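Undergrad: requesting a structural model of the entry that follows:
(chains A and B)
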2 protein chains.
Amino acid sequence: MLGSETKTLEILKGLEQSLLRNINYKFYLFGNKNSIIKNIRRFKKLQNACQIIDCKESITMNDKPSDIIKSKTFSSMHQAIKSTQANETDAVLSFGNTGALMTLSLLNIKTLPEIKRPSIASIWPNMKGESIVLDLGANTKLSSKYLIDNAILGSSLANIILKIDTPSIGLLNVGSEEIKGNEEIKNASDRLRELSNLELINYYGYIEGNDISIGKTNVIVTDGFTGNIALKTAEGTAKLFQSHLNSAYKSSLISKIGYLLSSLSLRSVKERLDPRVHNCGIFMGLNSLVVKCHGQSEFKGVSYAADIIYSLLQNDVNDRIKNYVIDIQRKIAI
Amino acid sequence: MLGSETKTLEILKGLEQSLLRNINYKFYLFGNKNSIIKNIRRFKKLQNACQIIDCKESITMNDKPSDIIKSKTFSSMHQAIKSTQANETDAVLSFGNTGALMTLSLLNIKTLPEIKRPSIASIWPNMKGESIVLDLGANTKLSSKYLIDNAILGSSLANIILKIDTPSIGLLNVGSEEIKGNEEIKNASDRLRELSNLELINYYGYIEGNDISIGKTNVIVTDGFTGNIALKTAEGTAKLFQSHLNSAYKSSLISKIGYLLSSLSLRSVKERLDPRVHNCGIFMGLNSLVVKCHGQSEFKGVSYAADIIYSLLQNDVNDRIKNYVIDIQRKIAI
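TA: Residues are numbered from 1 along each chain as shown, chains lettered A, B, ... in the order given. Purely as a prediction, here's the structure:
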């Protein structure tokens, strides 16, 4: 676990909250020991369930992934990943530089033998509940092979996190019936249809951007370029809405009173849609689990991410993905 | 003007509202004459400023663009486009099938000599005001040439609509510093930087999805695939927010009272962010102006779209784009 880029206190508070729900959790906290010790006193339970590893260096948001491969090896990020690679820890939760985390994960933890490239997945709120969207930026290259991998990874994740036996999978596309230049998507769709006909996955077909919020499918598959832009655009829209709403409430005394009266229900909306809560990116397809949270995460986001990691580990997510892929390959071969 | 796919009454009401602001407007209404005549009685001013052309056919949302090129030539869409091609009308406003409209526009109205492919632009609300985003789905192929065209088209549009002398242009990209597989975007960025150094455009550089809502640049350039998905994802997010908000208000009596007290300010937020108001797609780069509004547009959206068309026509948008492109080409040649 790393924490140089965000408020240590929020992280510790979030971890303690998750520990109360998942009592077998053990944490290795990589970071500035003094800062951690100063803040952890308030969290007695966490204190008894963790080990602190002092890290003298830290990777900043401005470090280029290529620059930190061989440098800053005593950073919290490097050390945490090395501990997972050495099987001392089962998963990494980071609040740092996404590009650096992905590069170090790829080089050290490496992908599952069946998966060519990892993918970043996230849990997205919708009208009906939640869905899994991936890839959100690991792979910016559009390739039918990656899209198919994403469908398999996302399906496994939805199966465990959303507790759905055969999660429906949608492939993100534009509305037009006649699509030019997206042969990779068409090929992926054809292949996913075949796998669906063999009842290996539950492929719905193409979906559009607005279908994500409607909750048309449990899994939304796209390439990392489109997914990253869709995610950030949605976050920006949510913030814009929130900001206009706040100004509207401040616009008159009557509006302010109205706000006070409805603030309890509004808070629940904010929490359900707040990107600071739904902000963790799950790196799927690596030999160990790596999860990235926003640098500005508040304790609720941290505890949410820790809960997800716990659930994935308890459910042997990687073994299930491996078996899933092997099963698919075997059935296709027959 | 066409109207088979939406409520005629809303369209007529919207047009009359725009006519009150733009008194020199003349409308040619293509559609079911009986339905138009029945509804137009309530709008005396509009009645005096329009001509009704009865169209016996109509293109539905399910018609494939390739199927209607030579069929349904007596549809309102075909007839309206033909009237613009014949210079009887200056612009087309449609509420129908986007793919069909784009195909018919391309075949009949054709692109400006300097522009290879048209682009769909939209006006997007942000924290500071509004920005122009394009392409929203005309061209799903990622090509540096199209991205550069989009920057020029968007800059002209922002200049006229947003009244900004040298609108800043951002190129939509993912956050990662090391982008793989997006050579087209890198090439476009290099070229836009050169044009900016020559002071022909005002290129800001790469921006991310969340920067759209922040309003970091006046123009946001992307390919039609990414733009379409970003737009629809943002619309979906806005609807999700609205829907959660509505349920929150209904959750208790106190919340309901709160809602009533703040409903006036909330209505203004809804109008500023409602996709039904900001929902028109401006087809840029054709020899005549074509604007597509959502089939479910309400009168405010219709009047908003009609205002934009009027403003663009008054400002000779196409001549300005032509001159802009010629100017750039001349200066580069020197």
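Undergrad: C-alpha from now on. contacts and neighbour counts both.
TA: OK.
Undergrad: surely A:Arg193 and A:Tyr203 touch.
TA: Yes - under the criterion of CA atoms under 8 Å, A:Arg193 makes contact with A:Tyr203 at 6.2 Å.
Undergrad: so which residues of the stretch 51-200 of chain A form helices?
TA: For the stretch 51-200 of chain A, applying DSSP state H, counting those that start in this stretch gives helices covering A:76-85, A:98-104, A:144-161, A:183-197.
Undergrad: run through who's touching the second one.
TA: Contacts made with helix A:98-104 from outside it, assessed by CA atoms under 8 Å, 6 or more residues apart in numbering or on different chains, are listed as A:63-66, A:68-69, A:77-78, A:81, A:94, A:138, A:283, A:292, B:176-177.
Undergrad: the longest helix in chain A is where?
TA: helix A:224-250 (DSSP state H).
Undergrad: what helices or strands is it leaning on?
TA: In terms of contacts (3 or more CA pairs under 8 Å, 6 or more residues apart in numbering or on different chains; DSSP states H and E), helix A:224-250 is packed against strand A:130-134, helix A:253-273, helix B:209-214, helix B:224-250, helix B:253-273.
Undergrad: one step back: drop anything exposed from the contacts of helix A:98-104.
TA: A:64-65, A:68, A:77-78, A:81, A:94, A:138, A:283, A:292, B:176 (16 or more other CA atoms under 10 Å in any protein chain shown).
Undergrad: flag the least confident of the residues you listed.
TA: Scanning those for pLDDT, the low point is B:Ser176. It has 56.
Undergrad: closest to B:Val133 among the contacts of helix A:98-104?
TA: Set against B:Val133, the nearest of the contacts of helix A:98-104 by CA to CA is B:Ser176 (21.5 Å).
Undergrad: where's the closest residue to chain B within the stretch 1-150 of chain A relative to B:Leu142, distance?
TA: At 5.2 Å from chain B, A:Lys141 is the closest residue in the stretch 1-150 of chain A, using CA to the nearest CA. Applying CA to CA, to the nearest Å, the value for A:Lys141 to B:Leu142 is 12 Å.
Undergrad: show me which of those two is the more surrounded one.
TA: The neighbour comparison of A:Lys141 against B:Leu142 (other CA atoms under 10 Å in any protein chain shown) goes to B:Leu142, with 19 against 16.
Undergrad: can you report phi and psi for the more buried one?
TA: B:Leu142 has phi and psi values of phi -80, psi 120 when expressed as degrees, to the nearest 10.
Undergrad: which residue packs closest to it, ignoring adjacent ones?
TA: Counting by CA to CA, 6 or more residues apart in numbering or on different chains, the nearest residue to B:Leu142 once its immediate chain neighbours are dropped is B:Asp223, at 5.6 Å.
Undergrad: number of nearby residues for A:Asn323?
TA: Neighbour number of A:Asn323 under other CA under 10 Å is 13.
Undergrad: state the pLDDT value of it.
TA: 83.
Undergrad: that one: what secondary structure?
TA: Put simply, A:Asn323 is helix when judged by DSSP: H, G, I helix; E, B strand; the rest coil.
Undergrad: that one and chain B: what is the separation?
TA: Taking CA to the nearest CA, to the nearest Å as the measure, A:Asn323 falls 30 Å from chain B.
Undergrad: can you say which helix or strand has A:Leu29 in it?
TA: Taking DSSP states H and E as the criterion, A:Leu29 maps to strand A:27-31.
Undergrad: so the longest helix of chain A versus helix B:224-250, what angle?
TA: Using axes from the mean of the first three to the mean of the last three CA atoms, to 10 degrees, one finds that helix A:224-250 and helix B:224-250 are set 40 degrees apart in direction.
Undergrad: okay, buried residues for helix A:224-250 please.
TA: Under the neighbour-count criterion of 16+ other CA under 10 Å, helix A:224-250 has A:224-242, A:244-246, A:248-250 buried.
Undergrad: ok, now stretch A:14-26?
TA: Neighbour-count burial for stretch A:14-26 [16+ other CA under 10 Å]: A:14-19, A:25.
Undergrad: pLDDT (mean, whole number) over it?
TA: On average, stretch A:14-26 scores 95.
Undergrad: same question for stretch A:146-153.
TA: 92.
Undergrad: kindly report the same for stretch A:209-228.
TA: For stretch A:209-228, the mean confidence score works out to 94.
Undergrad: repeat for stretch A:105-123
TA: 89.
Undergrad: can you give me the offset of that stretch from its chain's centre?
TA: From the chain centre to the centre of stretch A:105-123 is a distance of 13 Å (CA atoms, centre = their mean, to the nearest Å).
Undergrad: strands of the stretch 1-150 of chain A, start to end?
TA: Here the stretch 1-150 of chain A has its strands, by DSSP state E, counting those that start in this stretch, at A:27-31, A:50-54, A:91-94, A:119-125, A:130-134.
Undergrad: please tell me how far A:Ile69 sits from A:Asn108.
TA: As judged by CA to CA, A:Ile69 and A:Asn108 stand 10 Å apart.
Undergrad: swap that for A:Lys163, sorry
TA: Relative to A:Asn108, A:Lys163 is positioned 31 Å away (CA to CA).
Undergrad: neighbour count for these two, which is higher?
TA: Under the neighbour definition other CA under 10 Å, A:Lys163 and A:Asn108 were set side by side, and A:Asn108 has more, 17 against 11.
Undergrad: spatially, what comes nearest to the more buried one if we skip its sequence neighbours?
TA: A:Gln85 (6.5 Å).
Undergrad: quick check, central residue of chain A?
TA: A:Gly281 (2.0 Å; CA atoms, centre = their mean).
Undergrad: show the backbone phi and psi for it.
TA: Note on A:Gly281: backbone dihedrals following degrees, to the nearest 10 are phi -100, psi 120.
Undergrad: next one: the one 4 residues further on
TA: Recorded main-chain torsions at A:Gly285 are phi 100, psi 0, according to degrees, to the nearest 10.
Undergrad: for it, which residues are in contact?
TA: By CA under 8 Å, 6+ apart, the neighbours of A:Gly285 are A:111-112, A:115, A:117-119, A:153, A:318, A:321.
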